[in-house]
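> This is a predicted model, with the sequence first.
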Amino acid sequence: MIEEVFVPFEMAKLLKKRGFDEQTFWQYDIHTEERCHEPYDMWMANSEVDENYLISCPTLQMAMMWLREKKGIYINVRMVKNDDFKSPEHIHFIAEVYDIKTGNFMDNDWYELTYEDVAFSALNYVLCYCLMEPGETASSLLNEQW
C-alpha cells in the first residue's frame, strides 16, 4: 500500500514560519506534536486554524510544490547508482537545489538511500538557510518555542 509522506512536526513549524498557508487535511497539535484532522475534519490553512492549538501538516510533495510555486526554489531529486550496480542496495538518491527565477544552481550536498530522506534533507536546508531572514540563525529557528 502506498502511504502519504507527511513533513515532520519541526519541519511544519519551519514551513509556517516561512509563510506556508496552504490548505491541508491534516494538522499537527502543537502540544502533543501528533497529526490529527479533528475537530475540523476538513481542509484548513494555517491562517484558518487556532494557532495556539494547530499548525498545517502538509505532505512532502505539497511542501516541495509550495516551495517551487511560492518561493521560486526547485528541489530536484534523482537516482544515482554505483559503477558496480548489481542490486537495489547500490542505488542512492541525490538532491539538487535551483533558483527558478535565475536558473542558478544553489547546492547539492545530500546523498541518501531513499528519495524521501534526500528530499527532506534538501527541504530542511532550504527552509533553514536559503529562506533565512536577516538576524536569524539556523539554531535559533530549531530552538524556537511554540
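Received the coordinates, thanks. Residues are numbered from 1 along each chain as shown.

> and residue 116, how far is that from residue 44?
Separation of residue 116 from residue 44 (Cβ to Cβ, to the nearest Å) stands at 24 Å. Every C-beta, even on glycine, is put in place using the N, C-alpha and C of the backbone.

> more crowded one of these two?
residue 44 (18 against 13; other Cβ atoms under 10 Å).

> Can you show me the strands along the chain?
27-29, 35-36, 54-56, 73-81, 91-99, 105-112 (DSSP state E).

> Turn those strands into CSV, including distance to residue 132.
Shown next, in CSV, are those (distance: least, Cβ to Cβ, whole Å):
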stretch, distance to residue 132
strand 27-29, 23
strand 35-36, 27
strand 54-56, 20
strand 73-81, 13
strand 91-99, 14
strand 105-112, 13
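
> Residue 96: neighbouring residues, count only.
17.

> That one is in contact with residue 75, isn't it?
Yes: at 7.5 Å, residue 96 counts as touching residue 75 under the criterion of Cβ atoms under 8 Å.
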